[in-house]
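Trainee: This is the structure alone, sequence omitted:
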């Protein structure tokens, strides 16, 4: 497997290895299932098999589909190197032309590392229309930039932060109630020590969560603007599975095993369980 | 400190020659990054005159290396300049003035040719146009003329580029976005007015409709819904290369559907152009389809053959009870009307989506599989795609391209989901939206669906009771009411607010600035624009639902809608109030300052309100209650002198119903001087206005006493009435010929010469030998040629108008001599009429009207063997009115009966119509001959015998007996029976 190669080529952020690991698990599990057939699946115990599980075992999952799903994840979430390697490996046609996915990754990277100005410029180059058409996105980037500035000048000269807030953020905050609240909250960071006594709301601003959320927002916005799906297919698939299970359970025919495993019963089962939660975005991204 | 950020950028200095290319690019890039998303920076830069600099830079950068720049990929400067323009143009309505001052539209359009520019340049240029369109539609009155933009965009110069954009084969996302923007611009800007089809025709002739149809076919391929066997059929017809690649991921189905629907609206020719588009023919051919496993009995029992597409649709139990096919008004039994005032609508002017000009077009074409495919598409898509699919389907349905049996399917499969769609997306607007300048995409989609769906529904159900019933059962009346009421929720500040600024003291020395530096007034916030659009579309739906059935009209009226419709009649509406509230509030306050809270209704809303009132006014009970309570007549009467001719026509159409019999508003309108206005309008050059005015007068003349009748005839001028009636060579035609003499007959002849291959493109016959020899393609080509001729012939439309006006004028005469009270008075009126019009002249005109006419044979210098002449049979309506005039004359005194019988030629012509398809005509004839054979008193005996024998000689009796024995209509049989009895033993009346 070439995950470490890809990592070493430097295209990827450190959590790549983690992802690849999950995918390996995922693939293996799917393979297990498709091969299991009438035989015992790896999880089977002595108990007689439920009718549902027999049907499940009969279902063939083409390996190609699984691979396509993985490639889709890599492409959509912005991992160009991994996507390129994977498509070579799995003998699939690359999903998307290269420049956009690469730029998207650069933008993500810039946001994750707090360099918002670069991110905005790169975003502007990628899609010159997006900031004009999506003021909310622009505002969240500017607010993040403001927070970063405040972080930088913590304990020192707050002039740049104030200047930036006045020039860039305040005019648009005057047009929108939510923007104004967000701005005020960010500005109050100037008056408090950045320590554990900070209120949870303000701490949230300083935590890396804000960067992550903003990065996801940007990625999604770019994808939507290209009239694509905003998220990888697997997210929808997992949600659909959760929905199907719950509606099947709430329906009259309770013809299901009491406990349906997601089928990825490796050591990372927990992470996948998280994925099925309502908001499927954050849990995947763990540093 | 702050102003330092907006100092003159280096690019503004004029020494560009010394400046390096990369230097310029860097500066432009910096500028672009600075202003993107910052309205205030954009304002500052525009006021500093950046626009002119950009346009100059653009021109010099292009002129310098026009040929090489695209090839070498060094069009960086062009891209940057265009991006800056795009960014500025997205700033809102206030930038429109400066942008127009530097001719931004024309500049942008010069970069949309994909063969001369890189994809990015084309895309950015298109974005500028889109942004400006958006800004224009939100601009305050006076700056919101979308038509001007459309005239430029759809001008001959750019159609080629638009076409080239749409046929690019690449699946890349940039190309797809280009196509999306072009489709959207077409749907947005193309003029949908029935009378101005220039844009639609231009887009069709330039092959853009074909290109869009090919794009649609690619969606059919991508969805895997190509008809089985299409490939073989396509090879046979030489269409194999027309089956497109599947649509790529970024392609937009909704905007493609919408653009096609917009182009084909209101024209049979364009509808056929769409379904005969080679790609559509290749993907969805008409093939007999015999599935292996389904029960053959079902289709056999229904008596129709199913195509493969129909198997995608669920079977609908066909109800036997009600079936009113909307697309064939001729086949509808006409209403029983003994007196001519009955509120009968054969063809309403302008507002029907139906093209009445299909006089000599047979309907024997088999239905295209596009129709069931679209029904399937409506069922399987959601959101805006569903609306767009329904819109296209509706356009085909209204032009009569669907089987009559589809009506039931539409009622079950299309109308309910559309109604549900409206309800689903009807959400309360949170207060934060009130002033918001940006609407997040979820809500924007909701709004788009809400704005579009009622309009589509209205068009769909407009002429069909079955479909109206389906919509009513889905609760659309309540929904519509709520939407219209919501659209009149007052708004405190409809204009885009100014953001807080760190430099409030920026000096605004706007006096000496050039127009390219001077910002215009701010535009409206999106919510405001949305509300105005909602007014329009809900009013259109009210009209659609009220078009046919009285109970729906009453239900609509009972929802307290009328105050809102009345408010929509005013350009600056006040608070919509019921009469009680109004009288109460008038005492308290004079309406004044707060009226601005209800915005400004554009002409389109006023027109829609008139149309809604017209439809509701067809109900006598609504006329007598709600309309009277709300003083509708006063509001409408005001509009009769509106400066816009279209408003006059619409207002006049309301007046027609306000003057119908039993209306309590006749007297007040008469007192208010409606007669003079109507007579003036009856002399108008505009045929629509003439028609409606004569129509209204025809109602009025029935309802007044004899002295007023004479007053009306005098005011209308008998000479003018004669002219209206006797004008057979289509006066419009002649007018056109005399006024624009230079492009008259020569142009006409020239057009005939070139017409065939060049003026319009149909890919069906583009030199592929196999295609040219295919019978299917040949048939299609012949059909299209014929339809096109019919569609584009202005004389034909004029002729139609003339005939319809004449029908009303004849009815005017019929009503004029009608006096239900006394035969004596009636005879006086007849004598007065003869005196004013001339007895011989009147009968001459009536005789002429019954003759067949040949038109179009004149003025063709070289028609190249193609026979453009059309033989016109007199229309049923005309025959019926003429007959009733004679009925009324014959109903007065024996002398008049003698006169009628003496018109041998006239009677001979009438006898031919005993086997007319129209029940009304047959019934009227029975009436006439019964009246003619009446014996007034013993003195009349001799004459009466003379009359009956004369009639017998003409073969009347035989015909009557034929009707008595064999007519399909019971009423006609009864009347024929009575007439025959009268004939045999003339009795004293």
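Mentor: Yes, it's here. Only a predicted model underlies this, so the values are computations on that prediction, with no experimental measurement involved.
Trainee: buried set for stretch B:397-412?
Mentor: Residues B:397-402, B:406-412 are the ones in stretch B:397-412 that count as buried (16 or more other CB atoms under 10 Å in any protein chain shown). C-beta: built from backbone N, CA, C; applies to glycine.
Trainee: Lowest average confidence across helices and strands of chain B, where is it?
Mentor: Least confident helix or strand of chain B, by mean pLDDT, DSSP states H and E, is helix B:745-755 with a mean of 35.
Trainee: Give me the next element, helix or strand, following that helix.
Mentor: Going down the chain from helix B:745-755, the next helix or strand is helix B:769-773, by DSSP states H and E.
Trainee: for that next one, packing partners?
Mentor: Of the remaining helices and strands, none touches helix B:769-773 by 3 or more CB pairs under 8 Å, 6 or more residues apart in numbering or on different chains; DSSP states H and E.
Trainee: Please list the outside residues in contact with the helix or strand where residue B:964 lies.
Mentor: Element membership for residue B:964 (DSSP H and E) is helix B:956-966. For helix B:956-966, the surrounding residues in contact (CB atoms under 8 Å, 6 or more residues apart in numbering or on different chains) are B:907, B:911, B:914-915, B:922, B:926, B:929, B:951, B:972-973, B:976-977, B:979-980, B:983.
Trainee: ok, now with 10 Å
Mentor: With contacts defined as CB atoms under 10 Å, 6 or more residues apart in numbering or on different chains, helix B:956-966 is touched by B:907, B:910-915, B:922-923, B:925-926, B:928-930, B:932-933, B:948-952, B:969, B:972-984.
Trainee: Report the inter-axis angle for whichever helix or strand comes after it versus helix B:956-966.
Mentor: Next along the chain after helix B:956-966, taking DSSP H and E as the criterion, comes helix B:970-984. Between helix B:970-984 and helix B:956-966, the angle comes out at 140 degrees (axes from the mean of the first three to the mean of the last three CA atoms, to 10 degrees).
Trainee: related to what we said a few turns ago, mark which of the contacts of helix B:956-966 are buried, thanks.
Mentor: B:907, B:910-911, B:913-914, B:922-923, B:925-926, B:928-930, B:932-933, B:948, B:951, B:969, B:972-973, B:975-977, B:979-980, B:982-983.
Trainee: ok but residue A:209 is inside a strand, no?
Mentor: No: the assignment for residue A:209 is helix, going by DSSP: H, G, I helix; E, B strand; the rest coil, so no strand is present there.
Trainee: ok, it to residue A:146 distance?
Mentor: Separation of residue A:209 from residue A:146 (CB to CB, to the nearest Å): 16 Å.
Trainee: And the closest residue in space to residue B:394 that isn't next to it in sequence, what's its pLDDT?
Mentor: Leaving out its chain neighbours, the residue that sits closest to residue B:394 by CB to CB, 6 or more residues apart in numbering or on different chains is residue B:460, at 4.5 Å. Per-residue pLDDT puts residue B:460 at 94.
Trainee: Go ahead and confirm residue B:847 touches residue B:908.
Mentor: Yes: counting by CB atoms under 10 Å, residue B:847 does reach residue B:908; the two are 9.4 Å apart.
Trainee: Mind telling me which residue of the stretch 501-650 of chain B is nearest chain A?
Mentor: residue B:502 (4.8 Å; CB to the nearest CB).
Trainee: and that residue, which of the three is it?
Mentor: coil.
Trainee: State the three-state secondary structure for the closest residue to it other than its chain neighbours.
Mentor: Of all residues not flanking residue B:502 in the chain, residue A:166 sits nearest, at 4.8 Å (CB to CB, 6+ apart). Of the three states, residue A:166 takes helix under three-state DSSP.
Trainee: How confident was the prediction at residue A:166?
Mentor: Residue A:166 is assigned 89 on the pLDDT scale.
Trainee: Need the phi and psi values for the residue nearest to residue B:225 when sequence neighbours are not counted.
Mentor: Of all residues not flanking residue B:225 in the chain, residue B:373 sits nearest, at 6.5 Å (CB to CB, 6+ apart). The phi and psi values for residue B:373, taken as degrees, to the nearest 10, are phi -60, psi -40.
Trainee: so who does residue B:373 touch?
Mentor: Contacts of residue B:373 by CB under 10 Å, 6+ apart are B:216, B:220, B:223, B:225-227, B:280, B:283-284, B:307-310, B:312-313, B:389, B:393.
Trainee: now do residue B:164
Mentor: Applying CB under 10 Å, 6+ apart to residue B:164 gives the contacts B:112-116, B:122, B:207, B:211.
Trainee: Filter the residues you listed down to the buried ones, ChimeraX style.
Mentor: Filtering the contacts of residue B:164 down to the buried ones (16+ other CB under 10 Å) takes a single ChimeraX command:
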select /B:112,113,114,116,122,207,211
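Trainee: Which of the contacts of residue B:164 sits closest to chain A?
Mentor: Once CB to the nearest CB is applied, the member of those that ends up nearest chain A is residue B:122, at 13.8 Å.
Trainee: and the helix or strand encompassing that closest one, what does it pack onto?
Mentor: Using DSSP H and E, residue B:122 sits within helix B:119-137. Here helix B:119-137 touches helix A:130-133, helix B:76-89, helix B:96-101, helix B:104-109, helix B:146-153, helix B:156-166, helix B:173-189, helix B:526-545, going by 3 or more CB pairs under 10 Å, 6 or more residues apart in numbering or on different chains; DSSP states H and E.
Trainee: Let me have those helices in JSON lines, extended by distance to residue A:173 and mean pLDDT.
Mentor: Formatted as JSON lines, the helices and strands packed on helix B:119-137 follow (distance: least, CB to CB, whole Å; pLDDT from 0 to 100):
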{"stretch": "helix A:130-133", "distance to residue A:173": "16", "mean pLDDT": "88"}
{"stretch": "helix B:76-89", "distance to residue A:173": "21", "mean pLDDT": "92"}
{"stretch": "helix B:96-101", "distance to residue A:173": "26", "mean pLDDT": "92"}
{"stretch": "helix B:104-109", "distance to residue A:173": "30", "mean pLDDT": "93"}
{"stretch": "helix B:146-153", "distance to residue A:173": "33", "mean pLDDT": "91"}
{"stretch": "helix B:156-166", "distance to residue A:173": "40", "mean pLDDT": "93"}
{"stretch": "helix B:173-189", "distance to residue A:173": "31", "mean pLDDT": "92"}
{"stretch": "helix B:526-545", "distance to residue A:173": "19", "mean pLDDT": "93"}
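Trainee: What about residue B:255, how many residues nearby?
Mentor: Counted with other CB atoms under 10 Å in any protein chain shown, residues neighbouring residue B:255 total 24.
Trainee: Residue B:847 and residue B:908: which is more packed in?
Mentor: residue B:847 (18 against 13).
Trainee: Over to the nearest residue to the more buried one once chain neighbours are set aside: give its phi and psi.
Mentor: Distance criterion CB to CB, 6+ apart; nearest residue to residue B:847, sequence neighbours excluded, is residue B:906 at 4.6 Å. With angles defined as degrees, to the nearest 10, residue B:906 sits at phi -60, psi -50.
Trainee: Just want to check the distance between residue B:906 and residue B:912.
Mentor: Taken as CB to CB, the span from residue B:906 to residue B:912 is 11 Å.
Trainee: Find residues that contact each of the two.
Mentor: Counting by CB under 10 Å, 6+ apart, the residues touching both residue B:906 and residue B:912 are residue B:850.
Trainee: quick one on the thing from earlier: and the buried residues of stretch B:397-412, which two are the farthest apart?
Mentor: B:399 and B:412 (21.7 Å; CB to CB).
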